[in-house]
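A.B. asks: Okay, here's the prediction I keep looking at, along with the sequence it came from:
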Protein chains: 2
Amino acid sequence: MNIRLLAGVSCAACVCAIGAWLVQSPAALAQEKKAEAKSWVEFTADGKAKQPVGYRKWVYIGTPLTPNDMNDGEAAFPEFHNVYMDPDSFAHVEKTGEYRDGTVLVKELVSVGSKEQTSGKGYFQGDFIGLEVSVKDSKRFPNEPGNWAYFSFGHKYPLKAEAPLTATASCNSCHEKNATNFVFSDVYPVLGSVLKAKK
Amino acid sequence: MNIRLLAGVSCAACVCAIGAWLVQSPAALAQEKKAEAKSWVEFTADGKAKQPVGYRKWVYIGTPLTPNDMNDGEAAFPEFHNVYMDPDSFAHVEKTGEYRDGTVLVKELVSVGSKEQTSGKGYFQGDFIGLEVSVKDSKRFPNEPGNWAYFSFGHKYPLKAEAPLTATASCNSCHEKNATNFVFSDVYPVLGSVLKAKK
């Protein structure tokens, strides 16, 4: 073999090897990201949900308000509830109009901090007071209606680090009966507007 | 020069060139991203703000509610206002506790859709009805107090595609007088909790 050719070939091989690494690297990263994206909520060995992490940077979908002072001091979900969906599942809704297996919704409860500010009279958010989560997972919850499971980390701080599955009659039954596909999307305009666009 | 050495050198040069490209590429990408990140709101040649894009995936910071029915039918910011901060500026607040040059806040106005649902009596979000934006930028707004500028795309749909700078007395003056560093962070718990943690 001509020496110059050899040099060219060895250089080309070199480029190929680096090229292969380049091609493989983003793919590996994507796979890593996908695996990571599956774990928006983690579970203990005995099936308790662990408190989700970083949910305040998920996709915000809406804030219903059922203030205690409009519910005889005993609202089922006291005060504001800021609701988020994990970004992978929100992207799936945007694409398909459906809730994928693995969808996680977080409901963060926030107190009414005040009822008057410079902007007018109303309800203004105060402190974080509670956290609840729902997860749709056909493998983990084959017996729950719609495969949706509900978990409460408490309605006052400090929150529980882990929460057991709530009895079907406590949450799921109401969602099944009163919501659309188990999600109260009618009162979550960010989610609702995406669902309407997919109809 | 020995031919084998020449081959080695040319291959090494090849690797170096690819290496340099590899090193340069993420940097270039980062720079591109940075440049992109600067444009959370774009402006027309004559200084109007264009409607921001994709803000419903920015960081949600809180939802004050000043319903018309609690303000003689004429709330300054009717109904719910869902407030977001661009993610780069939120990350900057997390790191420093400060609002950086280029900070953008979006206030999306949402109607009260209903006042009773299965979860209780209260206020429930209906339709998107308005959009306002504030931008801190010392280069673009050297004469505005705190370098904060305010823009309104309207309080009913269809919204304006572009919005002129609001007079200082209309928005800025109230923010300067009544908010903390021009931002009503006391009623935005997601932002407020980060600021408290940095004190």
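C.D. replies: Thanks, I have it.

A.B. asks: Pairing partners for the host helix or strand of residue A:110, with directions?
C.D. replies: Taking DSSP states H and E as the definition, residue A:110 sits inside strand A:104-117. Strand A:104-117 has its sheet partners listed here by DSSP bridges as strand A:79-85 (antiparallel), strand A:120-136 (antiparallel).

A.B. asks: buried residues in it?
C.D. replies: Of the residues in strand A:104-117, A:104-113, A:117 count as buried by neighbour count, 16 or more other CB atoms under 10 Å in any protein chain shown. Using the backbone N, CA and C atoms, a C-beta is placed for each residue, glycine as well.

A.B. asks: so what's the residue nearest the centre of chain A up against?
C.D. replies: Nearest residue to the geometric centre of chain A (CA atoms, centre = their mean): residue A:86, 2.8 Å. Residue A:86 makes contact with A:37, A:40, A:55, A:58-59, A:102-104, according to CB atoms under 8 Å, 6 or more residues apart in numbering or on different chains.

A.B. asks: hmm, back to that, now render the strands paired with strand A:104-117 as CSV, adding distance to residue B:63, mean neighbour count and mean pLDDT.
C.D. replies: Listed next are the strands paired with strand A:104-117 as CSV, based on distance: least, CB to CB, whole Å; neighbours: other CB atoms under 10 Å in any protein chain shown; pLDDT from 0 to 100:
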stretch, distance to residue B:63, mean neighbour count, mean pLDDT
strand A:79-85, 7, 25, 98
strand A:120-136, 7, 21, 98
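
A.B. asks: Now the residue nearest to the centre of chain A: closest residue in space, sequence neighbours ignored.
C.D. replies: residue A:40 (4.0 Å; CB to CB, 6 or more residues apart in numbering or on different chains).

A.B. asks: Pull the number of nearby residues for that neighbour.
C.D. replies: For residue A:40, the neighbour count with other CB atoms under 10 Å in any protein chain shown is 23.

A.B. asks: just for chain A, where's the confidence low?
C.D. replies: A:1-38 (pLDDT under 70).

A.B. asks: Would you map out the domains in it?
C.D. replies: Domain ranges of chain A: A:1-36, A:38-197, per automatic domain parsing.

A.B. asks: quick check, residue A:91 in a helix?
C.D. replies: Yes - per DSSP: H, G, I helix; E, B strand; the rest coil, residue A:91 lies within a helix segment.

A.B. asks: Neighbours of it, how many?
C.D. replies: If we define neighbours as other CB under 10 Å, then residue A:91 has 15 of them.

A.B. asks: how close does it sit to chain B?
C.D. replies: Distance, residue A:91 to chain B, using CB to the nearest CB, to the nearest Å: 10 Å.

A.B. asks: Could you pull out the helices in chain A for me?
C.D. replies: Secondary structure of chain A (DSSP state H): helices located at A:3-37, A:87-96, A:172-178, A:189-198.

A.B. asks: Ok, which of the strands paired with strand A:104-117 comes nearest residue A:184?
C.D. replies: strand A:79-85 (8.5 Å; CB to CB).

A.B. asks: quick one: that closest one to helix A:87-96, angle?
C.D. replies: 70 degrees (axes from the mean of the first three to the mean of the last three CA atoms, to 10 degrees).

A.B. asks: orientation of strand A:79-85 relative to helix B:189-198 in degrees?
C.D. replies: Using the same axes, to 10 degrees: strand A:79-85 against helix B:189-198 is 90 degrees.

A.B. asks: Return the distance of strand A:79-85 from the chain's centre.
C.D. replies: 11 Å (CA atoms, centre = their mean, to the nearest Å).

A.B. asks: what's that strand in contact with?
C.D. replies: A:55-56, A:58-68, A:93, A:103-112, A:123, A:125-126, A:129, A:188, A:191, B:60, B:62-63, B:190.

A.B. asks: Over to stretch A:105-115?
C.D. replies: A:52, A:55-56, A:58, A:61, A:67-69, A:77-85, A:121-135, A:155, A:183, B:186-187, B:189.

A.B. asks: what's the answer for stretch A:150-161, then?
C.D. replies: So stretch A:150-161 is contacted by A:48-51, A:78, A:109, A:127-135, A:163-166, A:170-172, A:175 (CB under 8 Å, 6+ apart).

A.B. asks: which of the domains of chain A sits most buried?
C.D. replies: domain A:38-197 (a mean of 18; mean count of other CB atoms under 10 Å in any protein chain shown).

A.B. asks: got a list of what residue A:68 touches?
C.D. replies: A:74-75, A:78-79, A:112.

A.B. asks: quick one: it from residue A:117, how far?
C.D. replies: 19 Å (CB to CB, to the nearest Å).

A.B. asks: just residue A:53 next, same as before
C.D. replies: On the measure of CB to CB, residue A:53 and residue A:117 end up 31 Å apart.

A.B. asks: Kindly report the same for residue A:180.
C.D. replies: For residue A:180, the distance to residue A:117 - CB to CB - is 34 Å.

A.B. asks: And residue A:82, by the same measure?
C.D. replies: 18 Å.

A.B. asks: now do residue A:91
C.D. replies: 35 Å.

A.B. asks: repeat for residue A:194
C.D. replies: Taking CB to CB, one finds residue A:194 at 31 Å from residue A:117.

A.B. asks: repeat for residue A:79
C.D. replies: For residue A:79 relative to residue A:117 (CB to CB), the value is 16 Å.

A.B. asks: what distance separates stretch A:134-146 from the middle of the whole chain?
C.D. replies: 15 Å.

A.B. asks: Stretch A:84-97 now?
C.D. replies: 9 Å.

A.B. asks: and what of stretch A:156-164?
C.D. replies: 18 Å.

A.B. asks: ditto for stretch A:107-126
C.D. replies: 24 Å.

A.B. asks: same thing with stretch A:159-169?
C.D. replies: The answer for stretch A:159-169 is 16 Å, by CA atoms, centre = their mean.

A.B. asks: With stretch A:175-195 instead?
C.D. replies: Taking mean C-alpha positions (CA atoms, centre = their mean), stretch A:175-195 and its chain are 14 Å apart.

A.B. asks: same thing with stretch A:99-115?
C.D. replies: 9 Å.

A.B. asks: on that earlier part again, can you check which of the strands paired with strand A:104-117 gets nearest to residue A:144?
C.D. replies: strand A:120-136 (8.9 Å).
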